[in-house]
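*Asks:* Give me a model of this one.
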Amino acid sequence: MELQTNDTKTTICIKNMVCPRCIRIIKEQLTLLNLPVIEVHLGHVDLERPLEPAEKGKVKEFLSDYGFELLEERKAKLVEQIKTLIIDAVHYKEEQIASNYSTYLAQTIGKDYSTLSHAFSSMEGITIEKYIILQKIEYIKAQLDYEELSLGEIAYKLHYSSLSHLSKQFKAVTGFTPSEYKKLQVNGRNSLDAVSQ
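*Replies:* So this is what the prediction gives:
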């Protein structure tokens, strides 16, 4: 079922949208289906009206072909919203979030953090905190591979208290220090939508 936000606009939630390329694919495919797209964001699409049953079937089919999924259950939508906000904050936002992640998620979603934490843990089998750490590690791996930022810049962007804290957390998750990972050219990156699996 779509999330109805007002009488004319409908929002549908889509699983596994994790990057700008995903947004482009979804937008192109919905346009090819002649659906009334208002805007496409990470994790959801705003439409001018609810989908007709036949349209919903076509949307589900194309989403499946591209590795996406239409979310219809409320808890699944909430968990996907949490994941999308974390991925966006860690990988794509240029500016740092102004508060800690628990406050950021609770304020952005409009639910208390304990509700978010319980829903996430029960569906994903890990805590939100662990998921954030895993996303940070994927970001660090990408930066080490691309050599775009120094470790100090990475630590600052990801809210690490020190370079030492970043290195310890990286080694705890990967088994390598950042310098070992870079020197050995370990190919240990995961797709963002598979980080908790």
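*Asks:* where does this structure have low pLDDT?
*Replies:* 1-7, 186-197 (pLDDT under 70).
*Asks:* Swap in 80 and give it another go.
*Replies:* Applying pLDDT under 80 to the predicted model, the residue ranges of the chain that meet it are 1-8, 94-99, 185-197.
*Asks:* so where do the helices sit in it?
*Replies:* According to DSSP state H, the chain carries its helices in the segments 20-32, 53-65, 74-87, 101-109, 113-124, 128-146, 151-157, 163-174, 178-184.
*Asks:* tell me, what residue is most central in the chain?
*Replies:* For the chain, the residue nearest the mean C-alpha position is residue 84 (2.9 Å; CA atoms, centre = their mean).
*Asks:* what's near enough to touch that one?
*Replies:* Contact analysis of residue 84 by CB atoms under 8 Å, 6 or more residues apart in numbering lists 17, 18, 42, 43, 44. Backbone N, C-alpha and C define where each C-beta goes, glycine included.
*Asks:* Show me the two of the residues you listed that sit farthest apart.
*Replies:* Across those, the longest distance by CB to CB is 12.8 Å; it joins 18 and 44.
*Asks:* Compare those two and say which is more crowded by neighbours.
*Replies:* Of the pair residue 18 and residue 44, residue 18 is the one with more neighbours under other CB atoms under 10 Å, namely 23 against 20.
*Asks:* isn't the more buried one right next to residue 42, touching?
*Replies:* Yes - using CB atoms under 8 Å, residue 18 is in contact with residue 42, at 7.0 Å.
*Asks:* Identify the contacts common to the two.
*Replies:* Jointly contacting residue 18 and residue 42 under the rule CB under 8 Å, 6+ apart are 84, 87.
*Asks:* can you redo the helices of the chain as JSON lines with distance to residue 93?
*Replies:* Written out in JSON lines, the entries for the helices of the chain read as follows (distance: least, CB to CB, whole Å):
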{"stretch": "helix 20-32", "distance to residue 93": "13"}
{"stretch": "helix 53-65", "distance to residue 93": "26"}
{"stretch": "helix 74-87", "distance to residue 93": "10"}
{"stretch": "helix 101-109", "distance to residue 93": "10"}
{"stretch": "helix 113-124", "distance to residue 93": "19"}
{"stretch": "helix 128-146", "distance to residue 93": "11"}
{"stretch": "helix 151-157", "distance to residue 93": "9"}
{"stretch": "helix 163-174", "distance to residue 93": "18"}
{"stretch": "helix 178-184", "distance to residue 93": "22"}
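*Asks:* Relative to residue 9, which of those helices is closest?
*Replies:* For the helices of the chain, proximity to residue 9 was assessed by CB to CB; helix 20-32 is nearest, at 14.6 Å.
*Asks:* Buried residues, the closest one. List them.
*Replies:* When burial is assessed from 16 or more other CB atoms under 10 Å, helix 20-32 yields the following buried residues: 22, 23, 25, 26, 29, 30.
*Asks:* ok, so of these, who is nearest residue 178?
*Replies:* Minimum separation from residue 178 among the buried residues of helix 20-32 (CB to CB) is found for residue 22, which lies at 27.8 Å.
*Asks:* Since that was my last question, I'll sign off now.
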